[in-house]
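S.K.: please work out how this folds:
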Amino acid sequence: MSLPPNFGQAFDLSSLTKPKVDPSIPMPGIEVSVENLSSEILPLSLVRPVIVLMWSPRSPESAEMVKLLGKLEGDYKQAFALARVDIEAHPQVAQAFQTKTVPYAVAIIAEQMVPLFEQAYPEAQVRMVLDKVLTLASEQGVG
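M.R.: Numbers count the residues shown, from 1 in each chain. Take a look at the predicted model:
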């Protein structure tokens with residue numbers, strides 16, 4: 001059996017792994033942990049809706065969603081609070097939210113969970129979802 005003509009010209013593909021988020025760059029939002037979920041996040045949902053985003057440093061799409069929601073939190077003048085769950089650092093919290101994929105977003109309004117989306121979306125669509133969350137929250141007297 002003969003080898004393909006370009007067999008001796010192999011390329012090193014090890015550098016093509018998924019990029020990781022630089023841990024030295026702070027991410028927006030409140031980092032959710034087992035310790036602060038009940039003591040900080042749930043009580044905050046009585047004051048304003050909390051958008052909880054499950055994300056992973058190994059998923060560039062989910063990291064971009066954290067940044068987008070952080071930007072929108074400012075654009076919406078803190079009408080909602082952003083909370084984020086690093087599913088690798090806090091697997092118990094991710095499991096409690098029944099996370100199957102990242103990014104995965106849930107709204108918590110008056111301590112009640114409302115699933116939002118399970119993939120990355122453009123800013124315009126995320127704004128539409130946030131507008132609906134804020135309307136629902138105001139109907140329940142939150143915000």
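S.K.: for the rest of this, base every contact and every neighbour count on C-alpha atoms.
M.R.: Fine.
S.K.: got the buried residues for stretch 27-36?
M.R.: M27, P28, G29, I30, E31, V32, S33 (16 or more other Cα atoms under 10 Å).
S.K.: got it, and stretch 87-103?
M.R.: For stretch 87-103, the buried set under the neighbour-count rule, 16+ other Cα under 10 Å, comprises I87, V93, A94, F97, T99, V102, P103.
S.K.: quick one: E118 from Q95, how far?
M.R.: 15 Å (Cα to Cα, to the nearest Å).
S.K.: for beta bridges, what are the partners of V85?
M.R.: On the basis of DSSP bridges, V85 is bridged to M54.
S.K.: is it true that it touches V93?
M.R.: Yes. With contacts counted by Cα atoms under 8 Å, V85 reaches V93, the gap being 7.2 Å.
S.K.: quote the end-to-end distance of stretch 38-52.
M.R.: End-to-end span of stretch 38-52 (Cα to Cα): 13 Å.
S.K.: how near is the residue most central in space within the chain to G141?
M.R.: Closest to where the C-alpha atoms of the chain average out (Cα atoms, centre = their mean) is L53, at 2.8 Å. Separation of L53 from G141 (Cα to Cα) stands at 23 Å.
S.K.: could you do T135 as well?
M.R.: In terms of Cα to Cα, T135 sits 10 Å off from G141.
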